[in-house]
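1. Just need the structure, nothing else, for what follows:
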Amino acid sequence: MVKKILVAVDDQAPDICLVGKAVELAEQLNAEIGLIDVARLSVGYIEAGIYPTDLEEVDRKRVEKTVERIRTAYPDIAFTDFKLVGDPVEELKTVIEEWQPDMLVVGHHRHSILLRLSENMKERRLINQLSIPVTVFPCDA
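-> All right, here's what the predicted structure looks like:
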């Protein structure tokens, strides 16, 4: 039985569409719903006067804005937020281990999911390393 659903949001899929579908599913299953967005940890060299910590701060602000936009769109939903910094796959695995959701929900653009999953990209790495089922919802802008 599905009691907890974790929704991975980022700037790659229209978040409101994805969360809407996940909320419908959670309501049908009477499940808790969590949101995870991971700001990328920036390391490396200073380039053109831009410090890695500056890039990290920009991504942290993007995460905050994304979660706030979702909370505004769904004010009656009690989301559990996971706003983290680091490697997205590693942070996701940690949240899954600690929060113990029964399912991960992700979004994709219809035209690119098969290509992206067939290449050696983070989506393939993610799916291969998770211990829970992954539900993929198409969400185009």
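2. Do I have it right that residue 56 meets residue 40?
-> Yes. Assessed by CB atoms under 8 Å, residue 56 is found in contact with residue 40 at 7.2 Å. (Each C-beta comes from the backbone N, C-alpha and C, glycine too.)
3. what touches both of those two?
-> residue 85 (CB atoms under 8 Å, 6 or more residues apart in numbering).
4. For the strand or helix carrying residue 81, give the mean pLDDT please.
-> Following DSSP states H and E, one finds residue 81 within strand 80-85. For strand 80-85, mean pLDDT is 90.
5. Helices of this protein, start to end?
-> For the chain, applying DSSP state H gives helices covering 15-29, 52-73, 88-99, 113-118, 122-129.
6. mean pLDDT for those helices: which is lowest?
-> helix 113-118 (a mean of 49).
7. Could you report the distance from residue 57 to residue 78?
-> With distances taken as CB to CB, to the nearest Å, residue 57 is found 28 Å from residue 78.
8. Much appreciated, bye for now.
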